[in-house]
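> using only what follows, build the 3D model:
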Amino acid sequence: MRLVITSQNADTLDRWQRVFEDFGDVICQRGLRAEAPIDAVLMAGIFALERYGGRPGVQEAQILENRRGDGWHNLVIVPPGRPMTRDAQGHWKVQAAYAHIQPAYFAASRSFRAVEEWNARHVERQISVVEINLPLMDMDNPVDDSSPQSFKKAFMEYREGRPGGGCRWPELVEAFPSAELRDPVDPGTLDRIESVLGQRLPDDLRSFLLGSDGLADEYGTDVIWPAERILGDNLSFRNDERYKSLYMEFDSLMFFGDNGGGDQFAFVRRPERHEVFVWDHETDSRILAAPSLERYARSALESDGEDWYR
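Residues are numbered from 1 along each chain as shown. Sure, this is the predicted structure:
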């Protein structure tokens, strides 16, 4: 994928150009919009949603069809904002699990991930060139260095096959010497799990299992289950008649880890989401625990046995 960054502000464009000067697949053009052929344009929701549709407040980027014939590109990518919640005083604030993430990085990484997923589903209509229109992203600021740096980080991850900030697992595990790794899982085993469960493994989870069949903390708790346990426990959750009589259905979830005390961690698979949720075995609640598998693993390994997600 190539990026075309556009702005009429020469100072802003010069700052972005310096950040991306070593990237042959990123060009900066001064003007109202890109001159080169473009497949999609990145546009903030404040400008895009009322005009092109879509839903406000979602946590993943949306790719919208432009059927207005207004001269803009046929596809509009609308980045998400970081998830918000109300505090005890009723004020909106960024959810704690996302507070450490730069807003521009969150927008860019989720947008590049959406492009990858679009291209996987639309073989005949690939997104190969994306315009980042800085005014329409509300980033046309000549003294803002954070936004171009955030986009650079997200784009580097995309080029490395890690859209959305996929984890460098060896580096993570090195930070926790007590963590226990195992032998890698054969890719065929993961394919079989996906076939039996009827759902794709999340990319980060598949990547981890191809390097280690599970991850245990210093107390022996399986922070990430071995592949066969992922298959077996998910089948039990979905088919056990006792569970069906006590809890809401589990078919949309894919469990992959636990806290050693009964609470289980899962990805939502219908629709596919990349955050980690925790299922409380006492209340049957399913709440957001971490924005990614990496953040979940770090939090679990740092927790010293405590319920860090509460």
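> now the biggest helix by length in the chain - C-alpha only, CSV.
Using DSSP state H, we find that the single longest helix of the chain is helix 103-121. Extracted C-alpha coordinates of helix 103-121, given in CSV (Å, rounded to 0.1, in the frame of the first residue of the first chain):
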residue,chain,number,x,y,z
PRO,A,103,-5.1,9.3,19.5
ALA,A,104,-3.4,9.6,16.1
TYR,A,105,-1.7,6.2,16.4
PHE,A,106,-5.1,4.6,17.4
ALA,A,107,-6.7,6.2,14.3
ALA,A,108,-3.9,5.2,11.9
SER,A,109,-3.4,1.7,13.2
ARG,A,110,-7.1,0.9,13.1
SER,A,111,-7.4,2.4,9.6
PHE,A,112,-4.5,0.3,8.2
ARG,A,113,-6.0,-2.8,9.8
ALA,A,114,-9.3,-2.1,8.2
VAL,A,115,-7.6,-1.8,4.8
GLU,A,116,-5.9,-5.1,5.3
GLU,A,117,-9.2,-6.7,6.2
TRP,A,118,-11.0,-5.0,3.2
ASN,A,119,-8.3,-6.3,0.8
ALA,A,120,-8.7,-9.9,2.2
ARG,A,121,-12.4,-9.8,1.4
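> neighbouring contacts of that helix?
Identification of contacts with helix 103-121 by Cβ atoms under 8 Å, 6 or more residues apart in numbering yields 1, 40, 42, 59-63, 77, 79-82, 98, 126-127, 130, 137, 139, 146-147, 150-151, 153-155, 157-158, 163-165, 274. Any C-beta I mention is one placed from the backbone N, CA and C, and that applies to glycine too.
> let's see 7 Å
For helix 103-121, the external contacting residues (Cβ atoms under 7 Å, 6 or more residues apart in numbering) are 1, 42, 60-61, 63, 77, 79-82, 126-127, 130, 146-147, 150-151, 153-155, 157-158, 163-165.
> go on, stretch 52-71?
Residues contacting stretch 52-71 (Cβ under 7 Å, 6+ apart): 40, 45, 48-49, 51, 72-80, 83, 110-111, 114, 118.
> what's the average pLDDT for that stretch?
Mean pLDDT, stretch 52-71: 87.
> what is the end-to-end distance of that stretch?
For stretch 52-71, the first-to-last residue distance is 13 Å (Cα to Cα, to the nearest Å).
> next, the buried residues of that stretch.
Within stretch 52-71, the residues scored as buried using 16 or more other Cβ atoms under 10 Å are 52, 54, 59-64, 66.
> endpoints of stretch 207-215, how far apart?
Stretch 207-215: ends 13 Å apart by Cα to Cα.
> ignore what I typed, I meant stretch 140-152.
Termini of stretch 140-152 sit 16 Å apart (Cα to Cα).
> now do that stretch: distance to the chain's middle.
21 Å (Cα atoms, centre = their mean, to the nearest Å).
> for stretch 299-308, same thing?
Using Cα atoms, centre = their mean, the offset of stretch 299-308 from its chain centre is 22 Å.
> wait, what's in contact with Gly198?
Counting by Cβ under 7 Å, 6+ apart, there are no residues that Gly198 touches.
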